[in-house]
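Asks: Give me a model of this one.
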Amino acid sequence: MAKGKDVRVRVILECIECARKDVDKKSTGISRYITQKNRHNTPNRLELRKFCSYCSKHTIHGEIQK
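Replies: The predicted model follows:
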C-alpha cells in the first residue's frame with residue numbers, strides 16, 4: 001500500500017529578527033530558506049538556526065505561511 005505523496009511538504013523559513021525590524025515582507029531584505037518537513041513527525045511550526053546574510057549572524061528562522 002502506497003503512502004500519500006503529501007506527507008512531506010515544502011516550507012519557507014524566514015529570519016525572525018529581520019521580520020521584526022519593520023522591513024517590508026515583499027522586499028529582498030529578509031533572509032529566507034526553503035526546506036521540507038515531514039508533516040506526521042513535525043506537526044508544529046519548524047524553527048531552525050540558520051545564517052542570515054542581512055544580519056550577518058546566525059539567527060532563528062521560523063516557518064511562515066505561503
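
Asks: what's the distance between the closest residue to residue 64 other than its chain neighbours and residue 53?
Replies: The spatial neighbour of residue 64 that comes closest, neighbours along the chain excluded (Cβ to Cβ, 6 or more residues apart in numbering), is residue 14 at 4.8 Å. (Each C-beta comes from the backbone N, C-alpha and C, glycine too.) To residue 53, residue 14 is 13 Å away according to Cβ to Cβ, to the nearest Å.

Asks: which residues are common contacts for the two?
Replies: Common neighbours of residue 14 and residue 53 (criterion: Cβ atoms under 8 Å, 6 or more residues apart in numbering): residue 31.

Asks: coming back round to it: tell me which helix or strand comes right after the helix or strand containing the residue nearest to residue 64.
Replies: Assessed by DSSP states H and E, residue 14 sits inside strand 8-15. Later in the chain than strand 8-15, the nearest helix or strand by DSSP H and E is helix 16-19.

Asks: and the spatially most central residue of the chain, bridged to which residues?
Replies: Centroid-nearest residue in the chain: residue 13, 1.0 Å away (criterion: Cα atoms, centre = their mean). Bridge pairing for residue 13 (DSSP bridges) gives the partners residue 33, residue 63.

Asks: residue contacts, it?
Replies: 32-35, 46, 48, 50, 61-64 are the contacts of residue 13 under Cβ under 8 Å, 6+ apart.

Asks: let's go with 10 Å and repeat that
Replies: Contacts for residue 13 (Cβ atoms under 10 Å, 6 or more residues apart in numbering) come out as 31-35, 37, 45-48, 50, 60-64.

Asks: now do residue 44
Replies: Residue 44 sits next to 37, 63 when contact means Cβ under 10 Å, 6+ apart.

Asks: likewise residue 32?
Replies: The neighbours of residue 32, taking Cβ under 10 Å, 6+ apart as the test, are 12-15, 18-19, 50, 52, 61, 64.

Asks: 6 Å instead?
Replies: Listed by Cβ atoms under 6 Å, 6 or more residues apart in numbering, the contact set of residue 32 reads 12, 14.

Asks: Local confidence estimate at it?
Replies: Looking at residue 32, its pLDDT is 89.
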